[in-house]
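[1] what's the 3D shape of this:
(one chain, ligands or ions: 1)
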Amino acid sequence: MKQRSTFGSKLGTLAVVGGSAVGLGNIWKFPYVAGNNGGGAFVIIYIVICFVIALPLMMSEFAIGRSTRSNPIGAVKKLTPQKGWTLMGYASIIASLMILPFYSVIAGWSLEFLKDSLVGGFAGKSAADVALMFEGFVSSGWQPIWWMLGFLVVCCLIVALGIEKGIERYSKVLMPLLVVMLVALAVYSSTLDGFRQSAEFLFKPDFSKIDGPAVVHALGQAFFSMSLGMGSMITYGSYIKKQDKLSTIAGTVAVADVVIALLAGMAIFPAVFSFGISPTSGPDLVFITLPTLFGQMAWGSVISVVFFVLLLFAAMTSVFSMLEVIILYFIEEFHVSRPVASGGAFVIIAGLGILCALSQVPGSSLTVGGQSWFDIFDNLSANIVLPLGGLTTILFAGWVMKKNVLRDQFTENGAYGLKSYSLLKFLIKFVIPVAIAVMFLSLAGLIRW
Ligand code: PHE
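    Here you go, the predicted structure:
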């Protein structure tokens, strides 16, 4: 049998896994979700969830992937004879198919905005002008579709090159560039008047703003941002070398993911506050509020180009990981070549992406209960599908997988001790499932607090 590939180097592994985690979730979503849910107190709860719930879940996903060296469906089949659990594997394919379309549409928007920034298209425009530009673009139907397709073609071509020669090679370039650009933006933002106000907004907790829905949003955001509950980390886990410490990789990625989300907040909010805009301006923050501000700032067009390139790179490396879930499944379960699997994935996602993009044209009939497919995919994936995927995965790791398999994975076959192993096991078996379940009950309105 042909030897299965692994990541080439440790740094490469961190770039790839970190690349999956750091994405639109950090830069587009986190600032407005934190803004809408009250700022500081939300951030604290978010950080606790990232380390107490998401981090052990990430390690468990890695363990499932690495112990079987398989795609999520193959992995479950290898780990238990109980057929029902393979549903968990299929759910991960469905989740990828839900997130990829709207995610690629947003990546397409950043290409359009990058083009506008390059020609200085925001200079001197009012928020109403930019809103009109944005709405005109989104409702034009085909324009966002071309950008989305272009973005998707490039991503599929890179993934078609393979793990080491495609995903890893490109992530090793894109991720450091992303970090440099984000730090540069945050440094620039620290010179703006609204900097202090942003720091207070993001870091000064006001717990009266925290209620059940805020906690559910924090959980959904943490799963989305750390790419959990949908097989991406199982898939990437299957490429991690056997001597590389899962705890170190997951810990580093969790810290990086949180730090980058906060940096993104600190890069974005100062401009927002300096211009007296409310931090709760929602998903439009990045595509209406920010471009307006860029158009009025010194160096605005340079900053705006950097920002949209950053957004694009962040989206690309995350899309690699979602594509890989589908592509590896096609390769291993249907025995097709990687290029064929990539082509197949492209066709399916392009179709769903077109559906999403068209559903946003005003008056479109592509809606369910008044919601566009775009919003349905977005809300359903973060608030239901990923937490549900996370719940089943953690139950699987804690109660179904053989104890020694999990222990061997967490200690690299005994090569390293893991002092916190019993704590981790306790979290995985009891604390995390109960916490996620409680959040579901609260989402369903069965518990209120
Ligand atoms: N983590 C990515 C982000 O923050 C999104 C993602 C979700 C990627 C699920 C892979 C799997 O944008």
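
[2] mind listing what Ala271 touches?
    Contact analysis of Ala271 by CB atoms under 8 Å, 6 or more residues apart in numbering lists Ser189, Leu192, Gly194, Leu290, Leu293, Phe294, Met297. Backbone N, C-alpha and C define where each C-beta goes, glycine included.

[3] which of these has the most neighbours?
    Phe294 (27 neighbours; other CB atoms under 10 Å).

[4] How far away from the center of its chain is the helix or strand hosting that residue?
    In this structure, Phe294 sits in helix 289-296 according to DSSP states H and E. Helix 289-296 sits 25 Å away from the centroid of its parent chain (CA atoms, centre = their mean, to the nearest Å).

[5] For that helix, which helices and strands make contact with it?
    helix 86-118, helix 127-139, helix 246-274, helix 300-334 (3 or more CB pairs under 8 Å, 6 or more residues apart in numbering; DSSP states H and E).

[6] And those helices: which comes nearest Leu388?
    helix 86-118 (7.5 Å; CB to CB).

[7] so that closest one versus helix 127-139, what angle?
    130 degrees (axes from the mean of the first three to the mean of the last three CA atoms, to 10 degrees).

[8] relative to helix 300-334, how tilted is helix 86-118?
    150 degrees.

[9] and the angle from whatever helix or strand Val173 lives in to helix 300-334?
    Taking DSSP H and E as the criterion, Val173 maps to helix 169-189. Counting by the same axes, to 10 degrees, helix 169-189 points 150 degrees away from the direction of helix 300-334.

[10] The nearest residue to Ser227 once chain neighbours are set aside: neighbour count?
    Nearest residue to Ser227 in three dimensions, chain neighbours excluded: Ser20, at 4.6 Å (CB to CB, 6 or more residues apart in numbering). By the criterion of other CB under 10 Å, Ser20 has 25 neighbours.

[11] Show the contacting residues for Ser20.
    Ser227, Ser232, Met233, Tyr236, Thr317, Ser318, Phe320, Ser321.

[12] Can you give me the buried ones in the strand or helix carrying it?
    In this assignment (DSSP H and E), Ser20 forms part of helix 10-21. Neighbour counts over helix 10-21 (16 or more other CB atoms under 10 Å) mark Lys10, Gly12, Thr13, Leu14, Ala15, Val16, Val17, Gly18, Gly19, Ser20, Ala21 as buried.

[13] Spatially central residue for the protein, please.
    Centroid-nearest residue in the chain, with CA atoms, centre = their mean: Ser225, separated by 3.9 Å.

[14] what separates that residue from the ligand, distance-wise?
    Distance of Ser225 to the ligand, computed by CB to the nearest ligand atom, to the nearest Å: 4 Å.

[15] wait, doesn't that residue sit right on Ala254?
    No - Ser225 is beyond contact range of Ala254, at 9.7 Å (criterion: CB atoms under 8 Å).

[16] who touches both of the two?
    Common neighbours of Ser225 and Ala254 (CB under 8 Å, 6+ apart) are Ala21, Cys50.

[17] Appreciated, that's everything.
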